[in-house]
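[1] Take a look and give me a structure for this.
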Amino acid sequence: MEKFDIAIIGAGPGGYVAAIHAAKHGKKVALIERDKLGGACYNVGCIPSKILLEHSKLVQEIKRGTSWGIEVSQVEIHFPRLMQRKDTIIQELLNNIEHYIVSNQITLYRGEASVAKDLTITIGNETIMATDIILATGSRPFVPPFEGLATSTYFTTDTFFDIDELPAQLTIIGGGVIAVEMAFSLAPLGTKVTLLNHSEDILQTEEAEARPLIREKMKKLNIELVTDFKFEKFEGNSIHTSKGAYTYKNLLFATGRRPNTEIAQQLGLTLDGRLIAVDEHLQTSQPHVYAIGDLVDGYQLAHSASAEGIYVVDYIVGKQPTSIDQTSIPRCVYTHPEIATFGLLEEQVTIPYTVTKMPLQTNSKALMEGNTEGFVKLIAAEESGQILGACVVADGATEMLNAILATKNAGGTAQSLAQMIFPHPTVSEHIGDAAKAVFGKAIHQS
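    Just a heads-up that it's a prediction; the model follows:
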């Protein structure tokens, strides 16, 4: 029986990053994956959805050129080629991951893993042992048990990205980040999208002031949004609700995900609701068994899982790592405009604070680009100037946010941001003005 220092079950962004990090610390590492390297993120989540969003964003930019005087007679969508491009990009990324695994002398096992109480791991006909085990088995799509759904045909994000024909119509169930991003990815390509969300609003975990901008953009894209109702039953190709019936040709459930806790159940680990209970070091109720990513409390985000994987490895090797600061984990929505946030939302702040908001309509670069939908919002502690939270809504917001986050992580304050010299013209210079506004010194504000 081969013995390893660390065995990691699951090769998504949490698992494969942890494996490489452990190998770079000189550990003998086993990485086990039952499906594809990269997990849901690379194969049926972050990456394919963002590729489709890039396609849709380009279509919108081409059409916007018409109002500038750049005439385009017709935009033709060759959907199979778009999907082929998606597959090519994903395969290149997966090849890179496999290369990193091989070059770091990590032993890769492909197959379903089961774990015994003595921490022996069985994969098919092979059995291995590890001193420490990291569970990184991710999650799967959740579909609510609606009446009549058993006789309906539908997609989840696990199956949708295999389509090779652009749907003429798509009804999406859900109102969170995944549902809204999928609506934005298809409507500009020509799909008639209906978004059914039983809650009062969309994107309820995100910045409240960003939601009206996204709803307005959905109207411009002819996305039908239906909110604040009760689902009653599914019947044929019809969804009955308290607001009436909605027919569909194609149906996609984007109603969240559930953790894959089969191994936790094998080991009898303590659960916290649907999640695996862990201590401050992400160690489960069984010593030497850790859990990360979608299995534990926190943000269900790829970069969060990667950070947790690195933290656990550092803890195992005795580096006494600093705990992960949840307020420093960025949250991104890749709509157009994008929403990028970190830290506290305004309603969550419990100490005296100052909040500033700089709309993009006064920004030179945003006007040049024709992307004035959005703002830069900064929340700072009144006394110390500590950056408590920030939100950027803009084209490229997910990149812009890093300037504020880097300042915060380096111990900087709103004063630090106000003193930075940003290049002009850039959209990011609005960050500096938002920081100046904390002290009543904003330039582009009356």
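[2] Dead centre of this structure: give me the residue that sits there.
    Central residue of the chain (CA atoms, centre = their mean): residue 301, 4.7 Å from the mean position.
[3] Please name the residues that touch it.
    Residues near residue 301 by CB atoms under 8 Å, 6 or more residues apart in numbering: 329, 331. Where you see a C-beta, it was placed from the backbone N, CA and C, and this is true even at glycine.
[4] where exactly do the strands run in the stretch 101-250 of the chain?
    Using DSSP state E, counting those that start in this stretch, the strands of the stretch 101-250 of the chain run over 107-110, 113-115, 120-123, 126-135, 139-141, 169-173, 192-197, 224-227, 231-235, 238-241, 244-247.
[5] and the fifth one, what does it pack onto?
    The reference is to strand 139-141. helix 157-160, strand 257-259 (3 or more CB pairs under 8 Å, 6 or more residues apart in numbering; DSSP states H and E).
[6] who wins for proximity to residue 14 among those?
    Among the helices and strands packed on strand 139-141, the nearest to residue 14 by CB to CB is strand 257-259 (12.0 Å).
[7] wait, what's in contact with residue 424?
    By CB under 8 Å, 6+ apart, the neighbours of residue 424 are residue 364.
[8] wait, isn't residue 14 in contact with residue 137?
    No. Using CB atoms under 8 Å, residue 14 makes no contact with residue 137, being 9.2 Å away.
[9] Of those two, which one has the most company?
    Counted by other CB atoms under 10 Å, residue 14 and residue 137 do not tie: residue 14 has more neighbours, with 33 against 30.
[10] so how far is residue 25 from the closest residue to the more buried one other than its chain neighbours?
    Using CB to CB, 6 or more residues apart in numbering and skipping residues adjacent in sequence, the residue nearest residue 14 is residue 305, 3.2 Å away. Going from residue 305 to residue 25 by CB to CB, to the nearest Å gives 19 Å.
[11] Equivalent analysis for residue 394, please.
    From residue 394 to residue 25 the distance is 39 Å (CB to CB).
[12] Of residue 305 and residue 25, which one has the most company?
    residue 305 (28 against 16).
[13] Wait, the more buried one touches residue 11, no?
    No. Using CB under 8 Å, residue 305 makes no contact with residue 11, being 11.5 Å away.
[14] Give me the common contacts of these two.
    Common neighbours of residue 305 and residue 11 (CB under 8 Å, 6+ apart) are residue 136.
[15] Now residue 444: closest residue in space that isn't a chain neighbour?
    Per CB to CB, 6+ apart, closest to residue 444 is residue 362, 4.5 Å.
[16] State the pLDDT value of the one you found.
    Per-residue pLDDT puts residue 362 at 94.
[17] can you pull out the helices in the stretch 151-300 of the chain?
    Taking DSSP state H, counting those that start in this stretch to define them, one finds helices in the stretch 151-300 of the chain at 157-160, 177-186, 211-220, 262-267.
[18] among the ones you listed, which is nearest residue 416?
    Closest among those, using CB to CB: helix 211-220, at 28.2 Å.
[19] And the contacts of the closest one?
    180, 183-184, 187, 195, 201-203, 225, 333, 335-337, 339, 373-374, 393.
[20] about what we covered before: could I get the buried residue list for the helix or strand the residue nearest to residue 14 falls within?
    Here residue 305 sits within helix 302-316, counting by DSSP states H and E. Neighbour-count burial for helix 302-316 flags 302-316 (criterion: 16 or more other CB atoms under 10 Å).
[21] what does stretch 120-132 give?
    121, 123, 128-130, 132.
[22] Farthest-apart pair in those residues, please.
    Farthest pair in these, by CB to CB: 123 and 132, 17.2 Å.
[23] can I assume residue 294 is in contact with residue 259?
    Yes. The criterion here is CB under 8 Å, and residue 294 meets it with residue 259 at 5.2 Å.
[24] Would you mind telling me which of those two has more residues around it?
    Higher neighbour count among residue 294 and residue 259: residue 294, with 29 against 22, using other CB under 10 Å.
[25] Who does the residue nearest to that one when sequence neighbours are not counted form a beta bridge with?
    Spatial nearest neighbour of residue 294, chain neighbours left out: residue 139 (3.8 Å); criterion: CB to CB, 6+ apart. With DSSP bridges as the criterion, residue 139 is bridged to residue 259.
[26] show me what contacts residue 139?
    40, 257-260, 293-295, 300.
[27] Distance-wise, check it relative to residue 301.
    Residue 139 is 12 Å from residue 301, by CB to CB.
[28] returning to what we had before: for the buried residues of stretch 120-132, could you give me JSON lines that also reports pLDDT and distance to residue 423?
    Converted to JSON lines, the buried residues of stretch 120-132 look like this (pLDDT from 0 to 100; distance: CB to CB, whole Å):
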{"residue": "121", "pLDDT": "98", "distance to residue 423": "52"}
{"residue": "123", "pLDDT": "98", "distance to residue 423": "52"}
{"residue": "128", "pLDDT": "98", "distance to residue 423": "53"}
{"residue": "129", "pLDDT": "97", "distance to residue 423": "55"}
{"residue": "130", "pLDDT": "97", "distance to residue 423": "49"}
{"residue": "132", "pLDDT": "98", "distance to residue 423": "46"}
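[29] Go through the residues you listed and name the one nearest residue 163.
    residue 123 (32.1 Å).
[30] Surely the closest one is in contact with residue 111?
    Yes. Judged on CB under 8 Å, residue 123 makes contact with residue 111 at a distance of 4.3 Å.
[31] list residues touching both of the two?
    residue 32.
[32] buried sites along stretch 209-219?
    Neighbour-count burial for stretch 209-219 flags 210-211, 213-215, 217-218 (criterion: 16+ other CB under 10 Å).
[33] With stretch 188-202 instead?
    Here stretch 188-202 shows 188-189, 191, 193-198, 202 as buried, counting by 16+ other CB under 10 Å.
[34] Which one of the residues you listed is nearest to residue 414?
    Using CB to CB, the buried residues of stretch 188-202 come closest to residue 414 at residue 202, 30.1 Å.
[35] Leaving out the residues flanking it, which one is nearest to that closest one?
    For residue 202, the closest residue by CB to CB, 6+ apart turns out to be residue 175, at 4.2 Å.
[36] what do you get for residue 369?
    Counting by CB to CB, 6+ apart, the residue nearest residue 369 is residue 395, at 6.6 Å.
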